[in-house]
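[1] fold the following and give me the result.
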Amino acid sequence: MANPWAGEVRLTLDGKARELRLTLGALAELEGELTGETVLDLIERFEAGRFSTRDVLTLIVAGLRGGGWRGVAGDLVSADIEGGLLECTKVAAQLLARAFTTQGT
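    Here you go, the predicted structure:
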């Protein structure tokens, strides 16, 4: 079960429940993928509802990697993600919220 106090969010990928979280290393990788932007720019897009599917994918990959997954974004092309894009968007937003708050949101 995901521990919100540890910043974890759960996502079912190919039938397997995975715990995602944005560790410091995962955040550094994420920022590297943003090409000239910061995580704060990404947060602002989510808060304004101006995020892209690429933003969602980048956050999901970072969260998976922070949770111990060793895959890359391309591995998700044919993956069965329970709840689809809507669930991924929800999980991405929760990852950001849980990484940058002191409460278990």
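[2] do you know the pLDDT at Pro4?
    Per-residue pLDDT puts Pro4 at 79.
[3] so what does it have for phi and psi?
    Dihedral pair for Pro4: phi -60, psi -30, per degrees, to the nearest 10.
[4] quick check, it in contact with Ala97.
    No - using CB atoms under 8 Å, Pro4 is not in contact with Ala97; the gap is 9.4 Å. Using the backbone N, CA and C atoms, a C-beta is placed for each residue, glycine as well.
[5] where are the low-confidence patches of the protein?
    102-105 (pLDDT under 70).
[6] max-length helix in it?
    Across the chain, the helix with the greatest residue count (assigned by DSSP state H) is helix 84-99.
[7] so what does that one touch, helix or strand wise?
    Packing contacts for helix 84-99, counted by 3 or more CB pairs under 8 Å, 6 or more residues apart in numbering; DSSP states H and E, involve strand 9-13, helix 39-48, helix 53-66.
[8] most tightly surrounded among those?
    helix 53-66 (a mean of 21; mean count of other CB atoms under 10 Å).
[9] quick one: it to helix 84-99, angle?
    Orientation of helix 53-66 against helix 84-99 (axes from the mean of the first three to the mean of the last three CA atoms, to 10 degrees) gives an angle of 60 degrees.
[10] what angle separates helix 53-66 from helix 39-48?
    Using the same axes, to 10 degrees, helix 53-66 lies at 120 degrees relative to helix 39-48.
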